[in-house]
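Trainee: Could you look at this predicted model? Sequence included:
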Protein chains: 2
Amino acid sequence: MTEDVRWLDPVEARAWLGYRRMSLLLGRRLARDLAQASGLSEADYDVLSNLSEAPGASIRLTELAVHLRWSTSRLSHHLTRMRQRGLVARHEHPSDGRGAVITLTAEGQRTIQEAAPGHVASVREHFIDLLTPEQLKAFGDLSWTVVERLNET
Amino acid sequence: MTEDVRWLDPVEARAWLGYRRMSLLLGRRLARDLAQASGLSEADYDVLSNLSEAPGASIRLTELAVHLRWSTSRLSHHLTRMRQRGLVARHEHPSDGRGAVITLTAEGQRTIQEAAPGHVASVREHFIDLLTPEQLKAFGDLSWTVVERLNET
DNA sequence: TCAGCTTAGTTGACACGTCATCAAAGCCCG
DNA sequence: CGGGCTTTGATGACGTGTCAACTAAGCTGA
């Protein structure tokens, strides 16, 4: 039982720790900004913005889950909470008796419209505007490489 | 009340969506791998590895929280759960009556040692080994730029 | 000394995400 | 048609992270 583990070299370790720390701090910060400004969580924001881009602000639950890369379980739980807050509504599907069609309520519509400018500003302040165009391009390439690999399995 | 929001241009939007998606998928995947291989969460792993690097595998709670960039509340909750599983122990501080000193138990020691090789392999498989040395360097620079900015406030 | 401020850590309530399990409806093929 | 397989979505249990409130101990200066 010999040790043949390839530990991370300094450059790799710096990148990995940088990722972990950025992820932790950036997520915390954006979540806080968003919650204080509009009472939404990042999850709420993602649901609402996806919904508002759907034709008719209306989408099948499973389809929304696919767009978000969420499990249907997660989405179902989350929609229950959002529905209780009046941000979304659930309707029966006209032809599929199992189906749930989700729509944006007027309040959900208003909430996302009011939240978006501040959220984009926050994303700019803490991420986008700190990077050069070259860095943004490189980061886009890199992140989608990782994502595509994860999508395979 | 005119709209002067600077929305994201295509390059920016690609980088931001790439980050969000990578964060979601990579976190989910690594958490799953780690949990299946060793029954640890990423949070557990971070606590144990920080603890094992501390002199005497022993550290003050607040100091550990600073290293991890966690709130003391989060750490206190988490240590309660980890202590119930026998991974860590809590002792009184010799000179500060308020103090909690955290140590790694033998089982915690063994668990982190067994978990580490697989976790590093997983990090390599889904992240590090997908990138060129230049990309790793660039990503390290970029992520620490973001982190340093977040540390300021 | 001791009153008031600060620091260490705990706790409870709540939102969140995962997994496993389930019921109901749709589908497909004999 | 009808029996099984699949798909949709809901649900309960559980571990996690946040915020606010709190206790207790240490510290500081009149």
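Mentor: Ah, there it is.

Trainee: just checking, residue A:31 touches residue A:43?
Mentor: No: Residue A:31 lies out of contact with residue A:43 (CB atoms under 8 Å); the separation is 9.3 Å. C-beta coordinates here come from the backbone N, C-alpha and C atoms, glycine included.

Trainee: so where's chain A uncertain?
Mentor: A:1-2 (pLDDT under 70).

Trainee: all helices of it, in order?
Mentor: Ranges of helices in chain A, per DSSP state H, are A:10-38, A:42-53, A:61-68, A:72-84, A:106-126, A:133-152.

Trainee: Next, format these as CSV and append mean neighbour count and distance to DNA strand D.
Mentor: Formatted as CSV, the helices of chain A follow (neighbours: other CB atoms under 10 Å in any protein chain shown; distance: least, CB to the nearest atom of the strand, whole Å):
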stretch, mean neighbour count, distance to DNA strand D
helix A:10-38, 17, 5
helix A:42-53, 18, 11
helix A:61-68, 17, 3
helix A:72-84, 15, 3
helix A:106-126, 17, 14
helix A:133-152, 17, 18
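
Trainee: got the contact list for residue A:53?
Mentor: By CB atoms under 8 Å, 6 or more residues apart in numbering or on different chains, no residues touch residue A:53.

Trainee: what's the spacing between the residue positioned nearest the centre of chain A and residue B:106?
Mentor: Residue closest to the average C-alpha location in chain A (CA atoms, centre = their mean): residue A:46, at 4.8 Å. Residue A:46 is 43 Å from residue B:106, where distance means CB to CB, to the nearest Å.

Trainee: ok, now residue A:114?
Mentor: Distance from residue A:114 to residue B:106, by CB to CB: 55 Å.

Trainee: Which residues of chain A lie near DNA strand C?
Mentor: A:41-44, A:70-71, A:73-74, A:77-78, A:81, A:95-98 (CB under 7 Å from any atom of the strand).

Trainee: and which of the residues you listed is nearest residue A:125?
Mentor: Nearest to residue A:125 among the residues of chain A next to DNA strand C: residue A:42, at 15.7 Å, using CB to CB.

Trainee: Nearest residue to the closest one in space, please, no chain neighbours.
Mentor: Computed as CB to CB, 6 or more residues apart in numbering or on different chains, the closest residue to residue A:42 that is not its neighbour in sequence is residue A:31, at 5.4 Å.

Trainee: count of residues packed around whichever residue of chain A sits closest to DNA strand C?
Mentor: Going by CB to the nearest atom of the strand, DNA strand C is nearest to residue A:97 of chain A, at 2.7 Å. Neighbour count for residue A:97, taken as other CB atoms under 10 Å in any protein chain shown: 7.
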